[in-house]
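J.: Quick one: sequence plus predicted model below, questions after.
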Amino acid sequence: MDNSQRFYDALAMQGSWVRVLVTQRHRPHTSRVRKQAMLFAFMHLCFLLVFAMHFFHTIVAWVLAFLLQTAAVFVSVLHLVFVLEYEDRTNNAMELEQQLNPLIIAELSIRLFSLVHLFMLRWWISLVFSLAEPLYDYWIFRRGAFLVDATSAWKQLRLLRLDARLRIVYHAILLVFSSIALVFSIVEERES
């Protein structure tokens, strides 16, 4: 399967939570599929909540932006944990592909939604820094290594580990920026 087909399948996976949790909930699904569906349903619910609360209050919008960035850090840590677990065991590359590809798409979705949210908040500095991840993801996609392929995961293990660590560092830096923006918005709100 080529890289673009894996990408489209992973994107379609984001909408599978409707089928698994709503329309076909009485059918048997594996626990992995149910957990994956719950991850995407929760993620989309959070996106809707962040978007709705943006119009409610400024500080609430910044708190939710901080929580959104915290979720991105959590997903990045899970990404690294799965890569390191595979590196230690090195027994099932298909399992690694099934675990990592939804997380990679979730990371991309969180970042893209975060870009929209930062644009709505008009915090241009963080918006510029947040553009680095989609550009990096596009560069990796063009190289053909954006999503994990079970047939070549053992060859790309060093690159997968480096990519996961880079993502954690990047998200941690953005978490610091987000916390600074949260503090500034609270101080600005108190002064006015």
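T.: Perfect, I can see it now.
J.: drop to CA atoms for contacts and neighbour counts, all remaining ones
T.: Fine.
J.: Looking at this protein, which helix is longest?
T.: In the chain, with assignment by DSSP state H, the single longest helix is helix 157-191.
J.: what's the angle from the helix or strand containing R111 to helix 157-191?
T.: Applying DSSP states H and E as the criterion places R111 in helix 93-121. Orientation check (axes from the mean of the first three to the mean of the last three CA atoms, to 10 degrees): helix 93-121 against helix 157-191 gives 30 degrees.
J.: For the next helix or strand after helix 93-121, which outside residues touch it?
T.: Downstream of helix 93-121, the first helix or strand assigned by DSSP H and E is helix 124-130. Helix 124-130 has contacts (CA atoms under 8 Å, 6 or more residues apart in numbering) with 111, 114-115, 118-119, 174, 177-178.
J.: one more time with 7 Å
T.: With contact meaning CA atoms under 7 Å, 6 or more residues apart in numbering, helix 124-130 is reached by 115, 118-119, 177.
J.: Show me which positions of that helix end up buried.
T.: Going by neighbour count (16 or more other CA atoms under 10 Å), the buried part of helix 124-130 is 126-127, 130.
J.: Return the alpha-carbon coordinates of the helix or strand bottoming out on mean pLDDT in the chain using CSV.
T.: Least confident helix or strand of the chain, by mean pLDDT, DSSP states H and E, is helix 3-14 with a mean of 72. In CSV, the C-alpha atoms belonging to helix 3-14 read as follows (Å, rounded to 0.1, in the frame of the first residue of the first chain):
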residue,chain,number,x,y,z
ASN,A,3,1.9,6.2,1.5
SER,A,4,-1.0,8.3,0.1
GLN,A,5,-3.4,5.4,0.5
ARG,A,6,-2.3,4.8,4.1
PHE,A,7,-2.8,8.6,4.7
TYR,A,8,-6.4,8.5,3.3
ASP,A,9,-7.2,5.4,5.3
ALA,A,10,-5.9,7.0,8.5
LEU,A,11,-7.9,10.2,7.8
ALA,A,12,-11.0,8.0,7.3
MET,A,13,-10.3,6.4,10.6
GLN,A,14,-11.1,9.7,12.3
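J.: helices and strands around it, which ones?
T.: helix 93-121 (3 or more CA pairs under 7 Å, 6 or more residues apart in numbering; DSSP states H and E).
J.: can you tell me the average pLDDT over the helix it packs on?
T.: Mean pLDDT, computed over helix 93-121, is 84.
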